[in-house]
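Asker: predicted model follows, preceded by the sequence.
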Amino acid sequence: MSIEQRRIVRTEIPGPRSQELHARRQREVPPGFGITLPVFVERAGGGIVVDVDGNHLVDLGCGIAVTSVGASEPRVVDRVREQAGRFTHTCFMVTEYDGYVEVAAKLNRLTPGDHEKRTALFTTGAEAVENAVKISRAYTGRPAVVVFDHAYHGRTSLTMAMTAKQMPYKHSFGPFSPEIYRVPTADPFRGTGTETERFMDVLRTQIGVDRIACVVAEPIAGEGGFVVPAPGFLRQVSEFCRENGIVFVADEVQTGLARTGDMFAVEHEGIVPDLICTAKALGGGLPLSAVTGRAEIMDSVHVGGLGGTYAGNPVACAAALGAIEAIEEQNLAARAAEIGERVLPRLRELAGTVPAVGDVRGRGAMLALEFVEPGGKTPSPATATAVARYCHERGVLVLTCGTYSNVIRLLPPLVIDFALLDDAVDVLVEAVRKVAG
Ligand SMILES: *Cc1c(COP(=O)(O)O)cnc(C)c1O
């Protein structure tokens, strides 16, 4: 059942069948669940999503950085089928299975650093981040957690407090967890260039370093707008943590597993985090997340302190083993780097001629355009929305993001056919010229 890897627009998008199904959804599902493109999916694979009206959309979103290996990669699908046929669940806290241990062993080997490591598996990215905080607090005996501007760490109570953006993530959902402190990130586009000093100053004078359990950082801010911190910033942050007995946690839920051209984005600066959170691409489309880290930190939690009914579900573990195999066998980290090399120059050229493109940034297959009012840095969310709509109507699925909702982000499957990718970028370039040129 291979899917033709070509953009095909048969109807208006969303088409009549999608519109019908969406009307039903609106009667059955609360509007709190937002929607990027109200199109119902029939199947998906490679770089294509086929909708129920027969349109072939080019997927530049991967269901938010999840289906890096494609949405129906045989190495994933076959293992899922095989595992589901034997058993779907035992609860790893009740009886054991080797798939869990195998995923743990793989992550212990793949993550940066050759020290002794352990991995605990969970289900969602937010759950991994929450557990990294729990583990850091248990290890240090300290309460405080430091996070950054533009941060996104999830939608649960604790991770919502750690997330920066008010609307839509936090609005009306407080009160929030205490002992969360936010510092500026070294944002090369909007920052001051003094963020490293500010970071150390706030930690020393406002929080107190001996009260800080962990600093949690995304190597590239995801939902916050694909903000790539200035070179050296995260390395200095991680060194400050080491000098002060603070656990440095890399939230690689979006950046991890080959997305940025390295297996993990922190490798770009040679940083070795104490703990590293993964999810999104890990399960090849099935819900699976992990905290991997130094054995002495991971082992500091009392027996029974970590877990979850579905944590490390066997079918999700089987999918992860297939996804990791697909990433390694096809060297998808190198493929992600190639995608960046192919697309970035085109976006930079566009920025050079269209003043509404304020910034172009990213690494590997995690790329973004930030839109501004021409002549300054005032965010223009309306431009991002209009560009996205133009792309959607022509069968190119792009996502927006950013603290100011003015960023278009590209997260293509790492296996995407290059001709298909070029075609989708043609549409994006045309969209920007038409909407903002
Ligand atoms: C998506 C994301 C999360 C939350 O993951 P969920 O699976 O949605 O809970 C946490 N951190 C980062 C960096 C993310 O991109």
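Answerer: In hand now; what should we look at?
Asker: so what's residue 397 up against?
Answerer: Neighbouring residues of residue 397 by CB atoms under 8 Å, 6 or more residues apart in numbering: 36, 37, 49, 57, 58, 59, 60, 61, 391. For glycine as for every other residue, the C-beta is placed from the backbone atoms N, C-alpha and C.
Asker: which of those residues count as buried?
Answerer: Taking 16 or more other CB atoms under 10 Å as the criterion, what is buried in the contacts of residue 397 is 37, 49, 57, 58, 59, 60, 61, 391.
Asker: list the contacts of the helix or strand hosting the third one.
Answerer: It refers to residue 57. Following DSSP states H and E, one finds residue 57 within strand 56-59. When contacts are defined by CB under 8 Å, 6+ apart, strand 56-59 is touched by residues 3-4, 6-9, 13, 39, 44, 47-51, 67, 71, 395-397, 412-413, 416, 420-421, 423-424, 427.
Asker: run the last query once more with 6 Å
Answerer: With CB atoms under 6 Å, 6 or more residues apart in numbering as the test, strand 56-59 has contacts from 7, 8, 47, 48, 49, 50, 395, 396, 397, 420, 424.
Asker: just the buried residues from these, in ChimeraX please.
Answerer: Of these, the buried ones go into a single ChimeraX selection, burial set by 16+ other CB under 10 Å:
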select :7,47,48,49,50,395,396,397,420,424
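Asker: near the ligand, which residues of the stretch 1-150 of the chain?
Answerer: 124, 125, 126, 129 (CB under 6 Å from any ligand atom).
Asker: wait, the last one sits on residue 153?
Answerer: The one in question is residue 129. Yes: shown here, residue 129 and residue 153 form a contact pair, counting by CB atoms under 6 Å, at 4.6 Å.
Asker: shared neighbours, these two?
Answerer: By CB under 6 Å, 6+ apart, the residues touching both residue 129 and residue 153 are 159, 251.
Asker: correct me if wrong: residue 252 contacts residue 264.
Answerer: Yes: counting by CB under 6 Å, residue 252 does reach residue 264; the two are 5.4 Å apart.
Asker: more crowded one of those two?
Answerer: residue 252 (33 against 25; other CB atoms under 10 Å).
Asker: next one: residue 186 from residue 192, what distance?
Answerer: 9 Å (CB to CB, to the nearest Å).
Asker: more neighbours: the two, which one.
Answerer: When neighbours are counted by other CB under 10 Å, residue 186 comes out ahead of the other of residue 186 and residue 192, with 24 against 10.
Asker: from start to finish, how long is stretch 24-41 in a straight line?
Answerer: With CA to CA, to the nearest Å applied, stretch 24-41 spans 15 Å between its terminal residues.
Asker: please identify the buried residues of that stretch?
Answerer: Buried, per 16+ other CB under 10 Å, within stretch 24-41: 37, 39, 40.
Asker: residue 370 touches residue 407, doesn't it?
Answerer: Yes: Residue 370 lies in contact with residue 407 (CB under 6 Å); the separation is 5.0 Å.
Asker: neighbour count: these two, which is higher?
Answerer: residue 370 (28 against 25).
Asker: what is the helix or strand containing that one packed up against?
Answerer: Taking DSSP H and E as the definition, residue 370 sits inside strand 366-371. For strand 366-371, the packing partners by 3 or more CB pairs under 6 Å, 6 or more residues apart in numbering; DSSP states H and E come out as strand 357-363, strand 407-410.
Asker: tell me the spacing between residue 289 and residue 269.
Answerer: Per CB to CB, residue 289 is found 24 Å from residue 269.
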